[in-house]
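Enquirer: my questions concern the predicted model and sequence given below.
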Amino acid sequence: MRYPEPLKNGGTIGFIAPSFGCAIDPYKTRFENALKVFTERGYKTWLGPNCYSDCGIGISNKPSLCGAELNAAMTDDSSDVIITCGGGELMCEVVPFMDFDAIKNSPPKWYMGYSDNTNYVFLSAVLADTAAIYGPCAPAFGREPWHESIEDAFKLITGEIDRVSGYKLWERDDYFIRSEEEEEPDPLEPYQVSERTIYKYFLPDNKTKADMPISGDDFKDSIKLKGRLLGGCLDLLTLLVGTKYDKVEEFLEKYKDDGIIWFIESCDLDMLPMRRAFWQMREAGWFKYAKGFLIGRPRRFGEDALGVDQYKAVTDIVGELDVPVIMDLDIGHLPPMMPIICGSMAEVDLSGNNISIEYSFT
């Protein structure tokens with residue numbers, strides 16, 4: 001696995017939009033403030049041609065132009081690291097235009113983004129043997145003050161830390177559902193965290209069942225996992241199954257001695273599609289050599305359908321693998337989110353409602 005060099009003081013941070021650009025508020029205002037913040041911290045910035053574009057369908061521009069922007073950014077010396085402008089809906093259509101051979105044969109460069117960026121972050125590890133960061137997109141760095149999770153993401157990309165931990169509180173998605181009479185929130189306000197973080201543990205050997213998890217409040221033991229991290233947003237991962245980009249079997253065989261720790265979260269999927277997606281990945285053999293699952297809070301937190309909730313959607317399918325499954329972690333769409341290095345070796349320590357992930361660049 002290839003690991004990029006950290007961003008140095010005074011280095012150049014590049015921005016591209018292979019999914020949505022920052023064409024509308026609140027993203028535009030946040031992005032422009034992020035550029036100001038980075039400049040004030042002494043860094044140079046470089047913007048790809050699509051950062052403010054909004055002429056594509058579900059992405060910033062035509063798929064071929066988004067691919068060209070990404071390929072250039074990842075293979076030339078215009079920037080030292082890349083942070084994407086946002087997630088989106090149809091970055092999968094950009095994948096055919098990504099030149100993973102050229103990327104693999106160029107000096108590695110950190111790429112950070114989440115959600116729709118799974119199409120690159122996951123495939124960078126699988127196809128280019130190059131680690132990438134599943135973490136916040138550029139507009140998040142325009143919020144003031146930075147949440148601890150945003151600080152962690154930046155410290156990870158600059159090499160100041162090699163360990164991240166979970167956070168005590170999180171933000172419900174319905175915070176942003178307002179009546180017409182209510183004022184729009186300040187786009188630069190920080191995360192509005194108000195919900196206490198409580199993990200759910202599903203352990204092997206019939207210690208727990210899908211409808212009776214162990215709450216982090218009651219889990220007095222500890223779990224240690226060591227393996228190679230792989231994953232992203234479930235909505236996008238399942239699209240790759242069975243395509244010509246599905247080289248997961250080769251990746252698993254290459255790193256079978258390490259074992260795989262899957263990190264997965266979901267955005268638009270409700271409970272039944274979530275369950276089908278996990279079934280599809282399991283039946284495709286993706287969970288071979290799995291050592292455990294780190295599951296983020298789904299954006300549809302608390303929903304259920306036909307008796308399937310966010311827990312049974314996962315554990316009824318992967319429970320037969322007899323590995324630990326820990327859910328409602330700080331990964332994904334309900335902030336804050338831990339920055340996760342896809343492709344990296346890691347040691348994961350879990351106890352109660354606490355998690356620590358130490359990355360090893362081997």
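Expert: Done, it's in.

Enquirer: and the longest strand along the chain, which strands flank it?
Expert: Counting by DSSP state E, the longest strand found in the chain is strand 223-233. According to DSSP bridges, strand 223-233 forms sheet pairs with strand 260-265 (parallel), strand 345-351 (antiparallel).

Enquirer: buried set for the helix or strand following the last one?
Expert: Just to be clear, that refers to strand 345-351. Per DSSP states H and E, strand 345-351 leads on to strand 354-360 as the next helix or strand towards the C-terminus. Using 16 or more other C-beta atoms under 10 Å as the test for burial, strand 354-360 gives 355-359. (Glycine included, C-beta is placed from N, CA and C.)

Enquirer: Throw the strands paired with strand 223-233 into JSON lines and include mean pLDDT, mean neighbour count and distance to Tyr245, thanks.
Expert: As requested, the strands paired with strand 223-233 are exported to JSON lines (pLDDT from 0 to 100; neighbours: other C-beta atoms under 10 Å; distance: least, C-beta to C-beta, whole Å):
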{"stretch": "strand 260-265", "mean pLDDT": "98", "mean neighbour count": "25", "distance to Tyr245": "18"}
{"stretch": "strand 345-351", "mean pLDDT": "97", "mean neighbour count": "19", "distance to Tyr245": "23"}
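
Enquirer: possible to save those as CSV with distance to Val241?
Expert: As requested, these are exported to CSV (distance: least, C-beta to C-beta, whole Å):
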stretch, distance to Val241
strand 260-265, 13
strand 345-351, 24
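
Enquirer: and of those, who's closest to His333?
Expert: strand 260-265 (6.5 Å; C-beta to C-beta).

Enquirer: distance from the closest one to the middle of the chain?
Expert: 10 Å (C-alpha atoms, centre = their mean, to the nearest Å).

Enquirer: got the contact list for it?
Expert: 134, 225, 227-234, 237, 252, 287, 289-298, 331-333, 340, 342, 346, 348 (C-beta atoms under 8 Å, 6 or more residues apart in numbering).

Enquirer: now stretch 5-14
Expert: Counting by C-beta under 8 Å, 6+ apart, 38, 42-48, 73, 78-83, 108, 110, 157-160 sit against stretch 5-14.
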